[in-house]
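A.B. asks: attaching a predicted model along with its sequence, questions to come.
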Amino acid sequence: MSDTTSPAGGGSESPAVSSALTGRTGAGTAPETRGRTTIADSVVEKIAGMAAREVPGIHSLGAGMARTLGAVSDKVAGGRPSVSRGVKVEVGERQAAVDLDVVVEYGVAIADIAADVRTSVITAVERMTGLEVVEVNIAVDDVHLSGDEDEDAGEGRVQ
């Protein structure tokens, strides 16, 4: 289909040109160009939370009050641990940024575990979503000592 104009007629288009479709469509078009995929922030939060928890030396995720309230809700009948506790993300069309609040086990090298967490989170998020992870910020909020839970489970001052 070509654009035809008449030199004396003022340059009107032929009817065939005005009805032509623009862009590539049909069976020969690549599937990734036939629509749009959006990924919710909560999806990326869950992926990043699971990837961070899988790293040896990470005790838990979450800071302060959120971790305390989460531990209580986990113990309530029917309560399930929140995978996204301690994880905040910003998701754009092609990129994501992740912020993590973590508690590490006593004795681990924090710089090494932070590098391992970054690698795990970036790999998981990019593989599962196709988004580019531009940054993973890690805040180490506490160090878990092996006797911490034993003291809480033991006898209290008042019976």
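C.D. replies: On my side now, so go ahead. Everything numeric in this text was worked out from a predicted model, so none of it was measured.
A.B. asks: torsion angles phi and psi at the closest residue to residue 129 other than its chain neighbours?
C.D. replies: Nearest residue to residue 129 in three dimensions, chain neighbours excluded: residue 39, at 5.3 Å (Cβ to Cβ, 6 or more residues apart in numbering). Any C-beta I mention is one placed from the backbone N, CA and C, and that applies to glycine too. Backbone geometry at residue 39, expressed as degrees, to the nearest 10, gives phi -120, psi 120.
A.B. asks: and residue 39, what does it touch?
C.D. replies: 91, 129, 131 (Cβ atoms under 8 Å, 6 or more residues apart in numbering).
A.B. asks: hang on, isn't the last one packed against residue 96?
C.D. replies: Yes: contact between residue 131 and residue 96 holds when scored by Cβ atoms under 8 Å: they sit 4.5 Å apart.
A.B. asks: what is in contact with the two at once?
C.D. replies: What both residue 131 and residue 96 touch, as defined by Cβ under 8 Å, 6+ apart, is the set 44, 125.
A.B. asks: the more surrounded of these two?
C.D. replies: residue 96 (25 against 19; other Cβ atoms under 10 Å).
A.B. asks: ok, and what's touching whatever helix or strand the more buried one lives in?
C.D. replies: Using DSSP states H and E, residue 96 maps to strand 95-105. The contact list for strand 95-105, computed with Cβ under 8 Å, 6+ apart, reads 44, 48, 52, 57-63, 66-67, 86-90, 110, 113, 117, 121, 125, 129, 131-144.
A.B. asks: show only the entries of those residues found in strands.
C.D. replies: 58-61, 87-90, 132-144 (DSSP state E).
A.B. asks: mind checking which of those residues are buried?
C.D. replies: Buried subset of the ones in strands among the contacts of strand 95-105 (neighbour count, 16 or more other Cβ atoms under 10 Å): 58-61, 87, 89, 133, 136, 138, 140-142, 144.
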